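A.B. asks: Take this sequence and fold it.
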Amino acid sequence: GLNPIAFMTKALGDQWKQLSAKEKAKYVEMEKKDALRFESEMREYEIRNPSKPKKAISAYMLFSNHQNKLFKESNSTLSFAEKSKLVSQKWSQLSDAEKQVYKTEHEE
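C.D. replies: Okay, here's the model as predicted:
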């Protein structure tokens, strides 16, 4: 029947249900202490690693987003894979000058 992880989870759940409130209290206390440790470590992590601005979107992704907007406006029924393939084909057919429009936008 059950895969090993599901079997283990079920067995542990059954054991937990059989513990008295007094027996569970030890584990509940351990959980509270660990939650405090985790919160403290997360605060330290966030101080050392403040949110950084996202990396600039690539010229190809700018083009792709523009094309996807056009697909939406035309109520396209193409699948995601079909749209991605078309976008890729269109990008490869663009001249360097046409791609430069998106590259310039990417650099801004």
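A.B. asks: switch to C-alpha atoms for all contacts and neighbour counts from now on
C.D. replies: OK.
A.B. asks: next structured bit after the longest helix anywhere in the chain?
C.D. replies: Using DSSP state H, we find that the single longest helix of the chain is helix 21-48. Per DSSP states H and E, helix 21-48 leads on to helix 59-73 as the next helix or strand towards the C-terminus.
A.B. asks: Average pLDDT for that next one, rounded please.
C.D. replies: Averaging pLDDT along helix 59-73 yields 89.
A.B. asks: Report the buried residues of that helix.
C.D. replies: 59-60, 62-64, 67-68 (16 or more other CA atoms under 10 Å).
A.B. asks: Please report how far Val72 lies from Leu36.
C.D. replies: Actually, residue 72 is Lys. It isn't Val. Per CA to CA, to the nearest Å, Lys72 is found 47 Å from Leu36.
A.B. asks: before we move on, what about Ala25?
C.D. replies: With CA to CA as the criterion, Ala25 and Leu36 are 17 Å apart.
A.B. asks: Tabulate the buried residues of helix 59-73 in JSON lines, adding columns for distance to Glu41.
C.D. replies: Shown next, in JSON lines, are the buried residues of helix 59-73 (distance: CA to CA, whole Å):
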{"residue": "Ala59", "distance to Glu41": "38"}
{"residue": "Tyr60", "distance to Glu41": "38"}
{"residue": "Leu62", "distance to Glu41": "37"}
{"residue": "Phe63", "distance to Glu41": "41"}
{"residue": "Ser64", "distance to Glu41": "39"}
{"residue": "Gln67", "distance to Glu41": "43"}
{"residue": "Asn68", "distance to Glu41": "41"}
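A.B. asks: How many residues are close by Val87?
C.D. replies: 20 (other CA atoms under 10 Å).
A.B. asks: Give me the helices and strands touching the helix or strand of the chain with the lowest mean pLDDT, please.
C.D. replies: The helix or strand of the chain with the lowest confidence, counting by mean pLDDT, DSSP states H and E, is helix 96-107 at a mean of 84. Counting contacts by 3 or more CA pairs under 8 Å, 6 or more residues apart in numbering; DSSP states H and E, helix 96-107 packs against helix 59-73.
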